[in-house]
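Peer 1: Based on what follows, work out the 3D shape:
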Amino acid sequence: MNFRQIEIFYAIYRSGSISAAARQLHTSQPALSKALKHTESQLGFKLFDRIKQRLVPTHEANLIFAECHQLQKSLDSVNALGEKLANQSQRTLRIGFLPSLGVGFAPRLLARMGDDALSFSCEIYTHHYDQILERLLSHRLDIGVAFSLPQPPGLRSVPVGRMRLVYVEAAGRPGSAARGPMQLSDVDSTGLIGLERESPVGRALEAEFHRQGRDYTPRISVHTYSVAAACAAEGVGPAIVDEFSAKSTPGLHVRPLEPACSFDIVALLHERHATSRAEAELIERMIRVCKVEGHALA
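Peer 2: I've put the predicted structure just below:
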């Protein structure tokens, strides 16, 4: 018996008549009678006897019904879940941001959402890059927001914007009023508050210094961009950080780098999962916020 035959049998068994079952299944009585006869022919035995104008299940039908009843309960659960997913007003998205994006980008994203009607609510987390990857792969995050850096198999990325690295130092210090780009070839890395080499951006920054024929040997290295920016604001030394960390830290004089060093901001998702309606909505809003904030994709 296929699903349609089971559905017809179940409706006739429960209603006690072909006409009632036809109304329930939104089909005609002749079509249902024909389908029942075809099913009985396939099975090789009768499912119902007609007694006093009423269909009475046979012994075999009673045995089949017990199994079909469990199947129908499972089918009802699937249908109920489908209706719930279609009609639910909100889904909670677990979103993991890099610390710098959690401080600089997430608040702008949430603020621009405002009171708009959304199909989701949010749980916001901040993790380092390797933690975001691990939590996405173990299904403890629904979506990650990071920079376009090498990622392991099992994840896919959707670009939403572009972020530049900038040179920052404490405002008001001698020479901090200089305008225009900061030439990377003029940066003394020994005086920098650097991003540690183990971090992906730290490795990229070190490679850029080497392309300029310079060593990358910061006297202080940190793992978090916001910490580097805060140290620079306190006069510990200059730093090279992302624009979001620079904008979110008061007391900094900010200059673009030359040559420019930039990364895509990406939404990271599990490779084997289709993008949900809520995730697609969030990604679209991130793209819009990046465009408004001047971080649109090229």
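Peer 1: Thought residue 266 was touching residue 148, still the case?
Peer 2: Yes - counting by CB atoms under 8 Å, residue 266 is a contact partner of residue 148 at 4.9 Å. For every residue, glycine as well, the C-beta is placed using N, CA and C.
Peer 1: Touching stretch 188-204 from outside, list them.
Peer 2: Residues outside stretch 188-204 that contact it (CB atoms under 8 Å, 6 or more residues apart in numbering) are 128-129, 147, 149-150, 165, 205-206, 209, 214-223, 225, 228, 231-232, 236-242, 261, 263.
Peer 1: Which positions in the helix or strand of the chain with the lowest mean pLDDT come out as buried?
Peer 2: The helix or strand of the chain with the poorest confidence is helix 59-87; it has a mean of 79 (mean pLDDT, DSSP states H and E). Residues 61, 64, 65, 68, 72 are the ones in helix 59-87 that count as buried (16 or more other CB atoms under 10 Å).
Peer 1: counting contacts, what elements does it pack onto?
Peer 2: The contact analysis (3 or more CB pairs under 8 Å, 6 or more residues apart in numbering; DSSP states H and E) places helix 59-87 against helix 3-15.
Peer 1: After the helix it packs on, heading C-terminal, what element do we hit next?
Peer 2: Going down the chain from helix 3-15, the next helix or strand is helix 18-25, by DSSP states H and E.
Peer 1: rewinding a little: please flag which of the contacts of stretch 188-204 sit within helices.
Peer 2: Filtering these for membership in helices, criterion DSSP state H, returns 129, 205, 206, 209, 225, 228, 231, 232.
Peer 1: so which of the residues you listed would you say is closest to residue 279?
Peer 2: residue 129 (19.7 Å; CB to CB).
Peer 1: Show me how this protein divides into domains.
Peer 2: Here the domain parsing of the chain from automatic domain parsing is 3-87, 93-298.
Peer 1: Single out the most deeply packed of the ones you listed.
Peer 2: domain 93-298 (a mean of 18; mean count of other CB atoms under 10 Å).
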